[in-house]
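Here's a sequence, model it:
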Amino acid sequence: MRNAPQLITYADRFAGDLLGVLQMLDGPLAGAFGGVHVLPFFVPIDGADAGFDPIDHTAVDPRVGGWSDVATLSERYDVMADIIVNHVSDDSAEFRDWLAHGDASPSAGMFLTLSTVFPNGATESELAAIYRPRPGMPFTKVAMADGTTRLAWTTFTAKQIDIDVESAPGRAHLDRIVDRLATAGVTLIRLDAVGYAIKRAGTSCFMIPETFGFIDAFAAQCRARGMTVLVEIHGYHRAQIAIAERVDMVYDFALPPLVLDALFHADAGPLRTWLGIRPNNCVTVLDTHDGIGVIDVGADPDDPSRQGLLPPDRVEALIAGIHQRSGGTSRLATGAAASNLDVYQVNCTYFDALGRDEEAYLLARLIQVLVPGVPQIYYVGLLAGINDLDLLERTGVGRDINRHYYGPRELLTELERPVVQHLLSLLRWRADHPAFDGEFIVDPAETGDHLLSLSWVCDDGVHALDVAIDLAARTFEMTERSPHGTRRRTRFDEFARNDD
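Have a look, this model is predicted:
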């Protein structure tokens, strides 16, 4: 994986199709990205969960292209694709065949039911222990062709049927997906919803010890095909640290809320604490196709005595701060409004979460690209996008507030905004700078918690940079050392490429 920023995008919502993504990367975005995470491009791209409910996980939706287009894209850039480990669409051929033929179906055993996990029945306490980031129990009645009714396990929606990944047909299903992606040159794999993949009676059925065993085995299978594996799990920060020790890459989901907290309070304390203990094999994000995680900085939901990165009052202030700065629009898409059990994530664009303050937004991006890891930039965030209330109203899906469809003319107009141009210049700088292959240092606060001082020293001992960020004044000072001398930057327009 190249140590350069990556773009996260839907093919259809940003550039029309897969070749459009390539044209954008080679054109207006040239030099800013070394890779791209193309969000689910499988059949269909517009199901119940924006592609995360595939009918056929081995087929590219023809509306965005074909496997040859994926291969063409992968020749120029590191390509990341999703393997939706936990579930498939209820319209998939495998599920329909099981409904029609029951135990005689080749897919018999592929899908989890209540009786799969609880063959002797479930007690009230066992059912209450199951973790689900949605209201209600994770079961949906499905009608079999023989007239019987089964309770299919549906962690997310009734349209997304959980797979028994330990069954022979479940394993074969995942094997086919890995092989198809590898053939197209995909070298980066994101395991979506893998924390829910293993269920056991009497547990939370989320990130249990057996889940780690599954991740180990499946990641090894992907590595054997030359793939690097990114694990997507929201949860308690100590669990994230433990997970990072066992996988190639994890998301730093604590970073987005901590950067907001630092800017809201002009206090780098909690963020600085996290930077001192976080794993370095991270993909860093501020925004994704999902919401801004709150669970990632709170107390352990299984043991509230284990403190989070933010105390409860700061978590509440964070949520209230996003709602206030977004003019209340994020409240329309969060919690019960987004079919979530609680405030698991706040659905809002990152630009709106910062009250559309361009200086604060660029400072947040500066912090993101400075911390260790590979920075990923979501397409709406790249364009400093605002909450899409029209799309939210049409679909009623909370996360759609941050999943805007950009038309070609709108896209070109947005790219010309100064805040977007400054961000692109920052990303090009990050992609080229040799210091990021060196050692990262977080300086202790000596003159006040409103200051965040970060440094990189390249292994060659020549290239280095020191950055002092004043969260109260919303300013920064950067000193870069290279064989050409010392350079100082204090404005974002100074990141634009020039002769030196």
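
Once you drop chain neighbours, what's closest to the spatially most central residue of the chain?
Note on the chain: the residue nearest the mean C-alpha position is Thr288, at 4.8 Å, using CA atoms, centre = their mean. Spatial nearest neighbour of Thr288, chain neighbours left out: Tyr378 (5.5 Å); criterion: CB to CB, 6 or more residues apart in numbering. Any C-beta I mention is one placed from the backbone N, CA and C, and that applies to glycine too.

Report the beta-bridge partners for Gln376.
Beta-bridge pairing for Gln376 (DSSP bridges): Gln6.

all helices of the stretch 1-150 of the chain, in order?
In the stretch 1-150 of the chain, the helices defined using DSSP state H, counting those that start in this stretch lie at 11-14, 18-26, 67-76, 93-101, 114-117, 124-128.

Please apply the same query to the stretch 301-450 of the chain.
Using DSSP H, counting those that start in this stretch, the helices of the stretch 301-450 of the chain run over residues 312-325, 350-353, 358-370, 379-382, 389-395, 408-415, 418-432.

Where does pLDDT dip in the chain?
336-343, 446-447, 498-500 (pLDDT under 70).

swap the cut-off to 80 and go again
For the chain, the stretches flagged by pLDDT under 80 are 133, 302, 335-344, 445-448, 461, 497-500.

Got the domain ranges for it?
Domain ranges of the chain: 6-86+168-434, 93-161, 436-495, per automatic domain parsing.

Pick the most deeply packed of those domains.
Ranked by mean neighbour count under mean count of other CB atoms under 10 Å, the domains of the chain are led by domain 6-86+168-434, which reaches a mean of 20.

Now do the end-to-end distance for it.
One end of domain 6-86+168-434 sits 17 Å from the other (CA to CA, to the nearest Å).

Now distance to Ile161 too, for the helices of the stretch 301-450 of the chain, in a markdown table please.
Shown next, in a markdown table, are those (distance: least, CB to CB, whole Å):
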| stretch | distance to Ile161 |
| --- | --- |
| helix 312-325 | 32 |
| helix 350-353 | 32 |
| helix 358-370 | 36 |
| helix 379-382 | 29 |
| helix 389-395 | 21 |
| helix 408-415 | 35 |
| helix 418-432 | 39 |
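
So which of those is nearest Ala244?
helix 358-370 (17.8 Å; CB to CB).

Just the CA coordinates for that closest one, please, in PDB.
The C-alpha trace of helix 358-370 is given here as PDB (Å, rounded to 0.1, in the frame of the first residue of the first chain):
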ATOM      1  CA  GLU A 358     -13.300  26.700   6.300                       C
ATOM      2  CA  GLU A 359     -10.300  27.400   8.500                       C
ATOM      3  CA  ALA A 360     -11.400  25.000  11.200                       C
ATOM      4  CA  TYR A 361     -12.200  22.400   8.500                       C
ATOM      5  CA  LEU A 362      -8.700  22.700   6.900                       C
ATOM      6  CA  LEU A 363      -7.100  22.500  10.300                       C
ATOM      7  CA  ALA A 364      -9.000  19.300  10.900                       C
ATOM      8  CA  ARG A 365      -7.700  17.900   7.600                       C
ATOM      9  CA  LEU A 366      -4.200  19.000   8.500                       C
ATOM     10  CA  ILE A 367      -4.300  17.000  11.700                       C
ATOM     11  CA  GLN A 368      -5.700  14.000   9.800                       C
ATOM     12  CA  VAL A 369      -2.800  14.000   7.300                       C
ATOM     13  CA  LEU A 370      -0.200  14.600  10.000                       C
END
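
which helices and strands does it pack with?
Counting contacts by 3 or more CB pairs under 8 Å, 6 or more residues apart in numbering; DSSP states H and E, helix 358-370 packs against helix 255-265, helix 350-353, strand 374-378, helix 418-432, strand 451-457, strand 464-470.

now it, how far from the chain's geometric center?
Distance, stretch centre to chain centre, for helix 358-370: 18 Å (CA atoms, centre = their mean, to the nearest Å).

relative to strand 374-378, how tilted is that helix?
Interaxial angle, helix 358-370 versus strand 374-378 (axes from the mean of the first three to the mean of the last three CA atoms, to 10 degrees): 140 degrees.

and the angle for helix 358-370 with strand 451-457?
For helix 358-370 against strand 451-457, the angle between stretch directions is 40 degrees (the same axes, to 10 degrees).

can you pull the contacts of Pro257?
Residues in contact with Pro257 (CB atoms under 8 Å, 6 or more residues apart in numbering) are Ile292, Gly293, Val294, Asp296, Val297, Leu310, Leu318.

OK, contacts around the fourth one?
So that's Asp296. Contacts of Asp296 (CB under 8 Å, 6+ apart): His234, Gly235, Tyr236, His237, Gln240, Phe253, Ala254, Pro257, Leu309.

Swap in 7 Å and give it another go.
Going by CB atoms under 7 Å, 6 or more residues apart in numbering, Asp296 touches His234, Gly235, His237, Phe253, Ala254, Pro257.

Any chance of the backbone angles for it?
Recorded main-chain torsions at Asp296 are phi -70, psi -20, according to degrees, to the nearest 10.

same question, the one 10 residues further on
The phi/psi pair for Arg306 (degrees, to the nearest 10) reads phi -80, psi 110.

do Gly293 as well
Dihedral angles (degrees, to the nearest 10) for Gly293: phi -70, psi 140.

That one against His234, yeah?
Yes - with contacts counted by CB atoms under 7 Å, Gly293 reaches His234, the gap being 5.2 Å.

Need the overlap of contacts for those two.
Taking CB under 7 Å, 6+ apart as the contact rule, Gly293 and His234 both touch Phe253.

Can you redo the helices and strands packed on helix 358-370 as CSV, where the extra columns are distance to Ala50?
Below are those laid out as CSV (distance: least, CB to CB, whole Å):
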stretch, distance to Ala50
helix 255-265, 20
helix 350-353, 18
strand 374-378, 13
helix 418-432, 24
strand 451-457, 35
strand 464-470, 35
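
mind checking which of those is nearest Thr228?
strand 374-378 (10.0 Å).

Need the residues that contact that closest one.
1, 3, 5-8, 37, 283-285, 287-289, 368-369, 427, 430.

let's see it at 6 Å
The contact list for strand 374-378 (CB atoms under 6 Å, 6 or more residues apart in numbering) reads Pro5, Gln6, Leu7, Ile8, Val283, Thr284, Val285, Asp287, Thr288, Gln368, Val369.

and the angle for it with helix 418-432?
160 degrees.

I'd like the contacts of Pro257 written out as a markdown table, with distance to Gln421 added.
As requested, the contacts of Pro257 are exported to a markdown table (distance: CB to CB, whole Å):
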| residue | distance to Gln421 |
| --- | --- |
| Ile292 | 25 |
| Gly293 | 29 |
| Val294 | 32 |
| Asp296 | 31 |
| Val297 | 31 |
| Leu310 | 33 |
| Leu318 | 29 |
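
Now for those residues: which two are most distant?
Between any two of the contacts of Pro257 (CB to CB), the greatest distance is 12.9 Å, for Ile292 and Leu310.

who touches Tyr344 in this structure?
Pro133, Ile295.

ok, it to Pro135 distance?
Using CB to CB, to the nearest Å, we find Tyr344 at a distance of 11 Å from Pro135.

Tell me how far Ser167 lies from Val285.
Distance of Ser167 to Val285, computed by CB to CB: 33 Å.
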